[in-house]
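Asks: sequence and computational prediction follow.
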2 protein chains.
Amino acid sequence: MALTIYDISKKAGVSIATVSRVLNGSDNVRPSTRKKVMDVIEKYDYTPNAFARGMGLHSIHTIGILCADSSDLFLAKAVYYLEQELQANGYESILCCTGYNLDAKKNYVNLILSKKVDGLILVGSNFIGTTEEENQYIKDGSKQVPIMLLNASFDYPNVYSITCDDSSTMFAATSAMLNAGISDILYLYDSRSYSGRKKLGGFMAAMESYHIADFEKLIYFYEGNNQDLSEVENFVEKIAKSGKTFHGVITSDDSLAIGCIKYAQKHNIRIPDELSVIGYNDSMLTGCCTPELTSIDNKLETQTHQLVQTLLGVLSGNEMPKKSIFSGKLIERGTTRF
Amino acid sequence: MALTIYDISKKAGVSIATVSRVLNGSDNVRPSTRKKVMDVIEKYDYTPNAFARGMGLHSIHTIGILCADSSDLFLAKAVYYLEQELQANGYESILCCTGYNLDAKKNYVNLILSKKVDGLILVGSNFIGTTEEENQYIKDGSKQVPIMLLNASFDYPNVYSITCDDSSTMFAATSAMLNAGISDILYLYDSRSYSGRKKLGGFMAAMESYHIADFEKLIYFYEGNNQDLSEVENFVEKIAKSGKTFHGVITSDDSLAIGCIKYAQKHNIRIPDELSVIGYNDSMLTGCCTPELTSIDNKLETQTHQLVQTLLGVLSGNEMPKKSIFSGKLIERGTTRF
DNA sequence: TTGATGAATGTAAGCGTTTACATTACTTAT
DNA sequence: ATAAGTAATGTAAACGCTTACATTCATCAA
């Protein structure tokens, strides 16, 4: 059996209250006593039981992170930044990978709340604002703890949203391509998420403002695995074979853009002379191909930083902005020439 | 204040023991009673407090996962598989990203053990078997719970290792390249981990068995960020500029291989005619470049599956293999022609 | 009808902390 | 030297569960 606070108190010749005070850094304890206790703690390598601690404290400086798929390049990075930032601020985090199934997600919310976390961060929550079910568990959850949305937005008490202005960034990127004289643009997206909708909206708005006819016919939803680049390539191949022609491609994620580049290279379509490509997320994939991929940096690190700061503010009882919106930026590389 | 088991028992007109039994699926409760209680639980959306639960139970079906950097392509995938597999078996997991700092890691081990996890999984633990400090915290930890090592190996009671035979796989891959008549091979590695040493060992053994002279001069340790492909490219460029020539490259990770390919493309070195490249991990990066990257599949999914099964076996009190070793496989693609 | 038996349910102790409140030990001013 | 005031420490209740053990209830054989 592991040591308890009683064992320590006995060995140190003080009461458990004193040990607890030492443990929690209370200032009302004489330096000599503190040392005496610390020595025993270190000697026996004692660690307080977290459950008992949680019972007493009602909170234990822990934030729950819910993430659909931590193996996705973008989400993995988001999770990593979040964990680092939370740790740096003295918070622990517990991560659950929910997958994309809605029921599973709901269960996870309950599960993680039963751990009495101080807050909940949702990363890559696809259906926010789309389905009533998803909205519902956010509403329910927010009654217990503040909920932080990364890359998503939802208007509700105790729910805070951190986003990039995907819409205008995508508008700008599309406009840049249009300005370069390319108007037959294939738009490929892989997610109907909040940010996915924003991106698509920005694209459409740009196309409309340039009075491009029938551009909707070149908008495609890719439902496959975006980590399987051959599958993406085949998807593009099929589009091309169906008779659609395009001299530009804009995608909601770098992986899709890479798939297009693979398609182009296979058919000796020169990039960017014959085909311009813009990805999204500015991931490490941008550096994988030749020429390197033009992409959109949505300031993930800045976003995660702001998210944690906002959360900490809320937990300290401060009034914090309900929405923080950052500006994305087109990073021009070799797959475009604007 | 959230509802407690008392509230539920009162509303259902039973004792807390009965509510607890319903909650824990005990069979000694009349179906009608069970339903009565369940109805109340659902009506009020009651979730038992996990801390209190943990106190009573002394274990709560949770496994701790320690991972250096969850944004690394390989580690992220490992973590994802592990979480999925654990979930499928009714275990929850808590993940901590430790970074590569040794002190931090040690703290995390304590922290996670204080949560009274049933087991500990170490992913990407670089220094196992190298530094006495790292060994020590594994030894200490293993006294409390079984420790599972993914892609690493350490001989100690209550420590279980799941690995791929990186050494012989690398031996085979190197031999394949040598057989193809390429003997000036650049070996690039980015980690001094257990598996990193194995890989290097396999490479060296193959070079020696083919009596290649001075091959050590083409072995390089890359200390930079392996997610920054330009940095890798520059690293290779420097090697080339220093006068070293090579017609083959073998790396410990796909990202390094991609960096080499970028270097080659920049200098119009034809792949695979003038330069053959083999990566490691068979990640999604293999599909990013043209031609696609030949790589080594180290059966990550199989490994994680075996790891979880072994862990569950141990927790059930069964005798389980202390080491499980799988065979890697060279996946030939366009960057080699053997 | 009664007693024995076993199933269903209840009671209360215990898990390892935190912390309000009570007590004791020290200072300092007189 | 003593009283008042403050700092340090101790005592014990509370946190919300699980579960051993006690009790009650239902069933069935005699």
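Replies: That came in fine, so what should we check first?
Asks: where does pLDDT dip in chain A?
Replies: Flagging of chain A using pLDDT under 70 yields the residue ranges A:1, A:126-127, A:129-130.
Asks: can you count the residues close to whichever residue of it sits closest to DNA strand C?
Replies: When distances are taken as Cβ to the nearest atom of the strand, chain A approaches DNA strand C most closely through A:G56, which lies 2.5 Å from it. Backbone N, C-alpha and C define where each C-beta goes, glycine included. When neighbours are defined as other Cβ atoms under 10 Å in any protein chain shown, A:G56 has 12 of them.
Asks: for A:T294, see how far away the spatially closest residue to A:F215 that is not a sequence neighbour is.
Replies: Residue nearest to A:F215 in three dimensions, not counting chain neighbours: A:M207, with 4.2 Å by Cβ to Cβ, 6 or more residues apart in numbering or on different chains. The span separating A:M207 from A:T294 equals 18 Å under the rule Cβ to Cβ, to the nearest Å.
Asks: which one's more surrounded, the two?
Replies: Ranked by neighbour count (other Cβ under 10 Å), A:M207 and A:T294 place A:T294 first, with 26 against 23.
Asks: find the nearest non-adjacent residue to that one, please.
Replies: A:T336 (4.2 Å).
Asks: for A:L75, same thing?
Replies: Counting by Cβ to Cβ, 6+ apart, A:G124 is the residue found nearest to A:L75 once chain neighbours are left out, at 4.8 Å.
Asks: show me what contacts the one you found?
Replies: A:67-69, A:72, A:74-75, A:78, A:150-151, A:193 (Cβ atoms under 8 Å, 6 or more residues apart in numbering or on different chains).
Asks: a markdown table for the residues you listed, including neighbour count, distance to A:F215 and secondary structure?
Replies: Rendered in a markdown table, the data for the contacts of A:G124 read as follows (neighbours: other Cβ atoms under 10 Å in any protein chain shown; distance: Cβ to Cβ, whole Å; DSSP: H, G, I helix; E, B strand; the rest coil):
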| residue | neighbour count | distance to A:F215 | secondary structure |
| --- | --- | --- | --- |
| A:C67 | 28 | 34 | strand |
| A:A68 | 20 | 30 | coil |
| A:D69 | 19 | 31 | coil |
| A:D72 | 23 | 28 | coil |
| A:F74 | 22 | 26 | helix |
| A:L75 | 23 | 30 | helix |
| A:A78 | 25 | 31 | helix |
| A:L150 | 27 | 30 | strand |
| A:N151 | 27 | 25 | coil |
| A:S193 | 22 | 22 | coil |
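Asks: quick one: which of those is nearest to B:P321?
Replies: Within those, proximity to B:P321 (Cβ to Cβ) peaks at A:D69, which comes in at 30.5 Å.
Asks: with adjacent residues omitted, what lies nearest to that closest one?
Replies: In space, and not counting its chain neighbours, A:D69 is closest to A:L75: 5.9 Å by Cβ to Cβ, 6+ apart.
Asks: distance of that neighbour from DNA strand D?
Replies: When Cβ to the nearest atom of the strand, to the nearest Å is the yardstick, A:L75 and DNA strand D sit 32 Å from each other.
Asks: helix/strand/coil for the residue nearest to A:T294?
Replies: Classification of A:T336 using DSSP: H, G, I helix; E, B strand; the rest coil returns coil.
Asks: doesn't A:L275 make contact with it?
Replies: No. With contact defined as Cβ atoms under 8 Å, A:T336 does not reach A:L275; the gap is 9.8 Å.
Asks: spit out the contact partners of the residue nearest to A:T294.
Replies: The neighbours of A:T336, taking Cβ under 8 Å, 6+ apart as the test, are A:176-177, A:180, A:272, A:276-278, A:294.
Asks: how about a cut-off of 6 Å?
Replies: Counting by Cβ atoms under 6 Å, 6 or more residues apart in numbering or on different chains, A:T336 makes contact with A:272, A:276, A:294.
Asks: as TSV, those with secondary structure and distance to B:Y100 would be great.
Replies: As requested, the contacts of A:T336 are exported to TSV (DSSP: H, G, I helix; E, B strand; the rest coil; distance: Cβ to Cβ, whole Å):
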residue	secondary structure	distance to B:Y100
A:P272	coil	39
A:S276	strand	39
A:T294	strand	32
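Asks: which of the residues you listed lies closest to A:N101?
Replies: Checking the contacts of A:T336 against A:N101 with Cβ to Cβ, the nearest one is A:T294 at 34.4 Å.
Asks: contact residues of the stretch 1-150 of chain A facing chain B?
Replies: Taking Cβ under 6 Å from any Cβ of the partner chain as the test, the list of the stretch 1-150 of chain A residues beside chain B reads A:47, A:50-52, A:54-55, A:70-71, A:76-77, A:79-80, A:83, A:94-95, A:97, A:110, A:114-115.
Asks: please list only the buried members of those.
Replies: Those of the residues of the stretch 1-150 of chain A next to chain B that meet the buried threshold are A:47, A:50-52, A:54-55, A:70-71, A:76-77, A:79-80, A:83, A:94-95, A:97, A:114-115, by 16 or more other Cβ atoms under 10 Å in any protein chain shown.
Asks: so of those, which ones are in strands?
Replies: Assigned to strands by DSSP state E, the following of these qualify: A:94-95, A:97.
Asks: near DNA strand D, which of those show up?
Replies: Intersecting those with the contacts of DNA strand D gives an empty set (criterion: Cβ under 7 Å from any atom of the strand).
Asks: and the helices in the stretch 1-150 of chain A?
Replies: Assigned by DSSP state H, counting those that start in this stretch, the stretch 1-150 of chain A shows helices spanning A:5-12, A:16-23, A:31-44, A:50-57, A:73-88, A:102-114, A:132-142.
Asks: with the stretch 201-338 of chain A instead?
Replies: A:229-241, A:254-266, A:300-315.
Asks: which other residues reach the last one?
Replies: Outside helix A:300-315, the residues within contact range by Cβ under 6 Å, 6+ apart are A:78, A:81-82, A:85-86, A:89, A:118-119, A:146, A:148, A:150, A:160, A:162, A:320, A:324, A:326.
Asks: same question for that helix: list its buried residues.
Replies: Buried residues in helix A:300-315, counting neighbours by 16+ other Cβ under 10 Å, are found at A:300, A:302-308, A:310-312, A:314-315.
Asks: check contacts around whichever residue of the stretch 151-300 of chain A sits closest to DNA strand D.
Replies: Nearest residue of the stretch 151-300 of chain A to DNA strand D, counting by Cβ to the nearest atom of the strand: A:N158, 20.3 Å away. Counting by Cβ under 6 Å, 6+ apart, A:N158 makes contact with A:142, A:146.
Asks: and the gap between it and A:A152?
Replies: Taking Cβ to Cβ as the criterion, A:N158 is separated from A:A152 by 15 Å.
Asks: ok, so of the buried residues of helix A:300-315, who is nearest DNA strand D?
Replies: Each of the buried residues of helix A:300-315 was scored against DNA strand D by Cβ to the nearest atom of the strand, and A:L315 proved nearest at 19.4 Å.
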